[in-house]
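A.B. asks: got a structure for you, letters missing:
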């Protein structure tokens, strides 16, 4: 597990705020329970309607309701949404997702590119005017895309600037593009992406669950990425939809077998009926933050 | 119907102006009657001459004459035109359309790209020198275009900056490009675009009327988009030319069956003889702003 | 004919200068006689040597000599040339042509793109140091080019900034590119380009002479463009080389049948022996500025 | 061997710092022993796991441990990593590698492009806040790539700015791209790249070992590059993995037969078990800095 | 021959410096003897080693030694080299070559693009700190390249800014690209390029020697270019390697038959043994600056 030490380049005036933001988002542990809510752009409306999706999820406010009532470390979404709902959800620790793209242009058509939406000055102004608890920023990179140089430059400068202002920086690192092909979930490639996140200066790097040669996920495959990221914490997406118990087991294994420093979950939470989603978050919190076992967590599902 | 709450990131010094601009453009309702007049670039001269177009429409001043005499919430056009006619039409609430492109380069040739024409500082200077009532800015995005990253970045920064200065922001969201293909009017894709507008921070998002699998429009198809946009109001374009009564029925249905927060109309209004166009605007105003029924509105057609 | 009204966004401090520049370049009329001298880049040396070209024209100073002795409204050329000859031709009203490209890369190879050479600050500094009469700036757009977004953005910002400083703005609007094909001189497309110039904020828009379905020019075809441009004056290029009298008749017809607000002429003037060129300018001035008939103008040819 | 003279454009206020940084990194000699640790991006995790790689190397901290205990002239890596580990390794002379790309997009797919990650202002701020010994910056160029103009511009400005602030500048110069083909290690092409580094203003230029027509490396082939670089010192990468003794002989030959001003080594050092890596660095230091022979150096391997 | 007049846009505070730089580089004549030393990037190491190249030329310092001992008007090379050697060669009048590219990417692969390396502010800082005699800047344009817009913009702004600071501006104008094809040396195309240089504001424009339909060079072919450039002086590259006497005759003819305002020479000088190179420069100086005949110049070859 990543042992957190405040990075050395943070200016003296910002160290206290950085450490407060770290403590707030990791909830006093060294692990991050990140609720990802950037899918309204990344997947447009695909994740919010459908046979297996609760009708609660059709309204974007559902994300805020869950994040407000559930013990998440931070809720990551675009600034525009926070701007529109934040006044009614002031207690949520927010992570501003700084870049996003739709999935309408597939990798087979053109290598992925996602660009910065707001400058860090705009984010800082937003914090000043809104008085919201914004703990940090998030940025997606696609290593292996022909456009990776543009994203690496934006990410590294953004992370630098965020740290200057005492904000955390989380990198979503998804190898993708013609140069990656079908190796998007290859454990070794994902480890490379995790190390890349560390070199960019990220505090946490979010990766997809690696699979082995037979196409199966196995939490132990995360070990290489966790090693490669060093002091940068690795958090893993939850993967496909599954039962709550199986999902909790998977997160538990990622942490204890894989060595991750928390989890990132989106659809697996918000597509459920809201109260069920909130209970699942409580169970995840038990595992990630309180270091409980799966059985103890399952009892919180009610 | 979207219930408006002033977004949280607007600076204290700009909140009053923002709320005034909101009240002015929604005319004391929570709905927007937007008169779209950006077609001189978007469609060049196609919309202003022709067998079914009144000769009044050949002169760009026609747009200003209608907007001045008719009770529109705001009149959206390029700054250059406002600059040239505004001194004679000081009572119009203007919305500056910030980006525009021609239709000469079709999507089959190259995915659409429309770039920002003026900086927000230039718009602010213009307001200061002209003393005109500029209530906000508009920007078109094409989700699914290979160039969506450039437009998302410009839109998000523009909207942020507009809000800082107390201006409204309206996003025209038109899915288009090789990655969209023939799904431009698919209800689910349009819902995604509407949600994207919310994530960008738009106060209102303008979409095209969705169609069902049989290619028919149906106001109820807008429901998904209205849900997806949450507190961002959805307004719908009027669709093809039709009789005044059928058009009023369509807008009524969009509002009452579809849940939209107003309407956007362009050609359907300005291509008619001017007095007829003005009467049609009065009827639209009755439905959109005064919440009247279709029959009552039809009586205003004279 | 366009009736000129000073645009509303010009700052109070710059209105007087703007109106002086307008009066100077239109010579007290509402029409502009623009002498175009940007061909040394646009056509390289093709227009300056050849069997039908006077040997006077081989030297760039020829353009300045003509513009100095002839009653032109403004002489449009690149800043570099003005920089080199202006000290000897201080009485010319100059229009700085801000962008130019060569014709070496044809449209069939790549859609046209012409980019801004100087910033408006550089132009303003130049005016301050040179004390020359620079009445405005010019910019070429190619609607229908795949690169139109870059040019529309530059043009709109440049025009805005020029107006802020009391300078006129003239747009050269030439539909061109794969999306335009052989419709470069189509009257309807040209009308669209003229309207586009108005939306960009131009004071005058220069278009090529439209042709009808049989490939013939007819001044009446300009009517649609003149209507579409509204208060922005349309000026037309002179077309192919012809006799002086036929050329004067053509310009007369453009103004009186087509409704243009002046003319733009380049090769038709400067390729003639210098004294003949000057006399032709006097004749053009009679028609454009003094509103004389063709016969009266012809007498000035001597 | 390059005889170092402080370049003339360094401002008087920065000369002392520049000379201190030069003395620190060359350890009082005129040669540079550069430990390259930028592979976590350049090669992702390929260099840090595998059959021939010590398990020490899986953790990025391994690089810092070696650089701290071994007598290297400078340790080159990305700012993000220095930010995360620097507080525990304050005695290392760091060189910030300013640009990096992954190897996922191969040259056959697209010519290489690597862009600047941090501005020099960000590096300067980092130095001020961290109090670390940052002796300079590094930048990779790919002469022969279709994107070389972007990299040459960034490199030249970065080097200029680094010198203004008293920092050294090292250029990694790797000819690559469709225009280079299989000539990446051609001695003449590499000499051109070395000269290019000098023209960009680099203090040292790192090249790959040239090979002759038979595909063999030969230290004497470096002579052309050393001549071409003039007063800019050439340092050579170590080449393929080999035994420690053979490696030391190769570096010795590069210096004494090829005339290089030091060496750059990465994988050849850090993939060995840590104590072995440190001993190898001591042996390299003996050759590069203390000007010892191979046999004397070999004794330090223990 | 171009008669020099200080351009009008130069600020009063900079006129004296501009005139001093002009006098220094033209050595009291109106002609420029430019020693081109930018080939270490443009041709990499091709010009500095080889059977017909003196071994003196392998070291970049050779260029400085020649320029220091020979009576050249200015020595053009990249700032990085001047930075490294200038302290030992303070008497040379330097021209900073601002952009350069390699020849590894041929025109058949991709149209040429060469971008600006330093900003004019960086050049100005360099002058202030180095106290060197930098008389001006140079920039290469490739008219006919698909990338000409980027280069025209950079060149025009750079030239403007250089003049603001009292520096001369020399444009290397080489028609090249798919749109030019085999017409790179066509006299008419070269004349267009020369005129283009004048429109960009250049004080001198360097062109390649034109050839006639039979592929032969003839100094008289330069006449069209000299006319087209007007008050901007044309200087011509020396062409292929030849005997010293033939070379002197060629330069003499360019000046007296072609009307050029000097010469630009690179390889023809520096590839010779150094003392021979210096003597050749003295002979060139006799022709270019002292207006001597060929026989008198030949005597200086010793």
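C.D. replies: Nice, thanks for sending it over. Worth saying up front: this structure is predicted, and the values here are computed from it rather than measured. Residues are numbered from 1 along each chain as shown, chains lettered A, B, ... in the order given.
A.B. asks: Only C-alpha atoms from now on, for both contacts and neighbour counts.
C.D. replies: Will do.
A.B. asks: Neighbours of the closest residue to residue A:39 other than its chain neighbours, how many?
C.D. replies: Leaving out its chain neighbours, the residue that sits closest to residue A:39 by Cα to Cα, 6 or more residues apart in numbering or on different chains is residue A:47, at 7.0 Å. As a burial measure, residue A:47 scores 20 neighbours (other Cα atoms under 10 Å in any protein chain shown).
A.B. asks: just for chain A, where's the confidence low?
C.D. replies: A:1-4, A:239-241 (pLDDT under 70).
A.B. asks: Tell me who's in contact with whichever residue of chain A sits closest to chain D.
C.D. replies: Going by Cα to the nearest Cα, chain D is nearest to residue A:201 of chain A, at 3.6 Å. Going by Cα atoms under 8 Å, 6 or more residues apart in numbering or on different chains, residue A:201 touches A:156, A:159, A:160, A:169, D:79, D:80, D:81, D:83, D:84.
A.B. asks: now swap in residue A:132 and tell me
C.D. replies: A:86, A:90, A:91, A:93, A:94.
A.B. asks: one more time with 7 Å
C.D. replies: The contact partners of residue A:132, by Cα atoms under 7 Å, 6 or more residues apart in numbering or on different chains, come to residue A:90.
A.B. asks: nearest residue to residue A:64 other than its sequence neighbours?
C.D. replies: Per Cα to Cα, 6+ apart, closest to residue A:64 is residue A:89, 6.8 Å.
A.B. asks: That neighbour and chain C, how far apart?
C.D. replies: 39 Å (Cα to the nearest Cα, to the nearest Å).
A.B. asks: how about that residue, phi and psi?
C.D. replies: phi -140, psi 60 (degrees, to the nearest 10).
A.B. asks: tally of neighbours for it?
C.D. replies: Residue A:89 has 16 nearby residues by other Cα under 10 Å.
A.B. asks: Redo the contacts of residue A:201 as CSV? Include neighbour count, distance to residue E:74 and secondary structure.
C.D. replies: Below are the contacts of residue A:201 laid out as CSV (neighbours: other Cα atoms under 10 Å in any protein chain shown; distance: Cα to Cα, whole Å; DSSP: H, G, I helix; E, B strand; the rest coil):
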residue, neighbour count, distance to residue E:74, secondary structure
A:156, 26, 42, helix
A:159, 26, 46, helix
A:160, 28, 44, helix
A:169, 27, 52, strand
D:79, 29, 41, helix
D:80, 23, 45, helix
D:81, 29, 46, helix
D:83, 23, 46, helix
D:84, 24, 50, helix
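A.B. asks: Isn't residue A:133 up against residue A:89?
C.D. replies: No - with contacts counted by Cα atoms under 7 Å, residue A:133 stays clear of residue A:89, the gap being 10.1 Å.
A.B. asks: ok, stretch A:11-31 near chain D or not?
C.D. replies: Yes - against chain D, stretch A:11-31 shows contacts by Cα under 7 Å from any Cα of the partner chain at residue A:11.
A.B. asks: Would you map the helices across chain A?
C.D. replies: A:12-26, A:39-42, A:61-69, A:79-85, A:120-130, A:148-164, A:187-200, A:223-229, A:244-256, A:267-270, A:274-288, A:294-299 (DSSP state H).
A.B. asks: helices and strands around the second one, which ones?
C.D. replies: Of the remaining helices and strands, those touching helix A:39-42 by 3 or more Cα pairs under 7 Å, 6 or more residues apart in numbering or on different chains; DSSP states H and E are helix B:187-200.
A.B. asks: repeat that with 6 Å
C.D. replies: Packing contacts for helix A:39-42, counted by 3 or more Cα pairs under 6 Å, 6 or more residues apart in numbering or on different chains; DSSP states H and E, involve no helix or strand.
A.B. asks: what's the most buried one of the helices of chain A?
C.D. replies: helix A:187-200 (a mean of 29; mean count of other Cα atoms under 10 Å in any protein chain shown).
A.B. asks: The stretch 151-300 of chain A against chain D: which residues are in contact?
C.D. replies: Neighbours of chain D within the stretch 151-300 of chain A, by Cα under 6 Å from any Cα of the partner chain: A:153, A:156, A:157, A:179, A:192, A:196, A:199, A:200, A:201, A:227, A:228, A:230.
A.B. asks: Could you identify the most distant pair in those?
C.D. replies: A:179 and A:230 (25.7 Å; Cα to Cα).
A.B. asks: Quick check on these two: which one has the bigger neighbour count.
C.D. replies: A side-by-side neighbour count of residue A:179 and residue A:230, using other Cα under 10 Å, places residue A:230 first with 23 against 19.
A.B. asks: How much space separates that one from residue D:64?
C.D. replies: Separation of residue A:230 from residue D:64 (Cα to Cα, to the nearest Å): 12 Å.
A.B. asks: So what does the residue nearest to residue A:39 look like in phi/psi?
C.D. replies: Dihedral angles (degrees, to the nearest 10) for residue A:47: phi -90, psi 0.
A.B. asks: how close does it get to residue B:143?
C.D. replies: 17 Å.
A.B. asks: again, but for residue A:292
C.D. replies: 43 Å.
A.B. asks: quick one, which of those two is more surrounded?
C.D. replies: residue B:143 (32 against 15).
A.B. asks: Could you report the neighbour count for the residue nearest to that one when sequence neighbours are not counted?
C.D. replies: Spatial nearest neighbour of residue B:143, excluding adjacent residues (Cα to Cα, 6+ apart): residue B:175 at 4.6 Å. A count of nearby residues for residue B:175, using other Cα under 10 Å, gives 27.
A.B. asks: if I pick residue B:175, what's in contact with it?
C.D. replies: B:142, B:143, B:144, B:184 (Cα atoms under 6 Å, 6 or more residues apart in numbering or on different chains).
A.B. asks: What is the end-to-end distance of stretch A:255-264?
C.D. replies: 12 Å.
A.B. asks: which residues are in contact with that stretch?
C.D. replies: Contacts for stretch A:255-264 (Cα under 6 Å, 6+ apart): A:1, A:31-35, A:219-220, A:222-223, A:233-237, A:254, A:288.
A.B. asks: List buried residues within these.
C.D. replies: A:1, A:31-35, A:219-220, A:222-223, A:233-237, A:254, A:288 (16 or more other Cα atoms under 10 Å in any protein chain shown).
A.B. asks: Please list the members of those residues that lie in strands.
C.D. replies: A:32, A:33, A:34, A:35, A:233, A:234, A:235, A:236, A:237 (DSSP state E).
A.B. asks: any idea how far the fifth one lies from chain E?
C.D. replies: Look at residue A:233 and chain E: by Cα to the nearest Cα, they are 39 Å apart.
A.B. asks: Can you report how many residues neighbour the residue lying closest to that residue once chain neighbours are set aside?
C.D. replies: Take residue A:233 and drop its neighbours on the chain: the residue closest to it by Cα to Cα, 6+ apart is residue A:204, 4.5 Å away. Neighbour count of residue A:204, defined by other Cα under 10 Å: 27.
A.B. asks: now the one 10 residues further on
C.D. replies: The burial metric for residue A:214, expressed as a neighbour count using other Cα under 10 Å, is 6.
A.B. asks: List the residues that contact it.
C.D. replies: Taking Cα under 6 Å, 6+ apart, one finds nothing in contact with residue A:214.
A.B. asks: Residue A:226 now?
C.D. replies: Taking Cα under 6 Å, 6+ apart, one finds residue A:234 in contact with residue A:226.
A.B. asks: at 7 Å instead, please
C.D. replies: A:234, A:259, A:260.
A.B. asks: Also residue A:57?
C.D. replies: Residue A:57 neighbours (Cα under 7 Å, 6+ apart): A:48, A:49, A:270, A:271.
A.B. asks: try 10 Å
C.D. replies: Residues counted as contacts of residue A:57 (Cα atoms under 10 Å, 6 or more residues apart in numbering or on different chains) are A:47-50, A:63, A:267, A:270-274, B:227-228.
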